[in-house]
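Colleague: okay, structure incoming, though there's no sequence with it:
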């Protein structure tokens, strides 16, 4: 079975940054199907939620987690890190990052 970590995006209050990251993820190269999880912390800009839900991911399954209380950055990162229990391995990205088109293949 090939090693294929799930991509987990931590999002809160930066719609433009989230859109930029998601576009960079779309432009990346993936050797096989890859799952995407976007976790949106509670209480931020509502357009972040809209972007996460409407974003089309054609490389595998997409899941959006809408937190029901504000976790803050530290707890949100830890909660997303725990998704490795469910998915086996993850690539954890904050919404203000931008990835190279080869980022996924680099570690796999």
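Modeller: Received it, and whenever you're ready, just let me know what you need. Note that this is a predicted model, so its numbers are computed, not measured.
Colleague: and the next helix or strand past the longest helix anywhere in the chain?
Modeller: Longest helix in the chain by number of residues, with DSSP state H as the criterion: helix 15-26. Scanning forward in sequence from helix 15-26 by DSSP states H and E, the next helix or strand is strand 36-40.
Colleague: for the helix or strand just after that following strand, list every residue counted as buried.
Modeller: Sequence-wise, the next helix or strand downstream of strand 36-40 (DSSP H and E) is helix 46-54. Neighbour-count burial for helix 46-54, counted by 16 or more other CB atoms under 10 Å, picks out 48-49, 51-52. No exception for glycine: its C-beta is placed from N, CA and C like everyone else's.
Colleague: chain center to helix 46-54: distance?
Modeller: Remark: helix 46-54 is offset 13 Å from the chain centroid, using CA atoms, centre = their mean, to the nearest Å.
Colleague: check which element follows that helix along the chain.
Modeller: strand 62-66.
Colleague: off-centre distance for the next helix or strand after that following strand?
Modeller: As assigned by DSSP H and E, the chain's next helix or strand after strand 62-66 is helix 72-81. Here helix 72-81 is found 13 Å from its chain centre; the criterion is CA atoms, centre = their mean.
Colleague: how about stretch 43-56?
Modeller: 12 Å.
Colleague: next: stretch 25-40.
Modeller: Distance, centroid of stretch 25-40 to centroid of chain: 8 Å (CA atoms, centre = their mean).
Colleague: could you do stretch 83-100 as well?
Modeller: 6 Å.
Colleague: what is the end-to-end distance of that stretch?
Modeller: Length of stretch 83-100, first residue to last, CA to CA, to the nearest Å: 23 Å.
Colleague: which residues does that stretch contact?
Modeller: Contacts to stretch 83-100, defined as CB atoms under 8 Å, 6 or more residues apart in numbering, come from residues 3, 5-12, 14, 17-18, 20-21, 24-25, 28, 35, 37, 39, 48, 77, 80-81, 103-104, 106-107.
Colleague: stretch 6-19 now?
Modeller: 21-22, 25, 34-41, 44-45, 47-48, 51-52, 73, 76-77, 80, 83, 87-96, 104.
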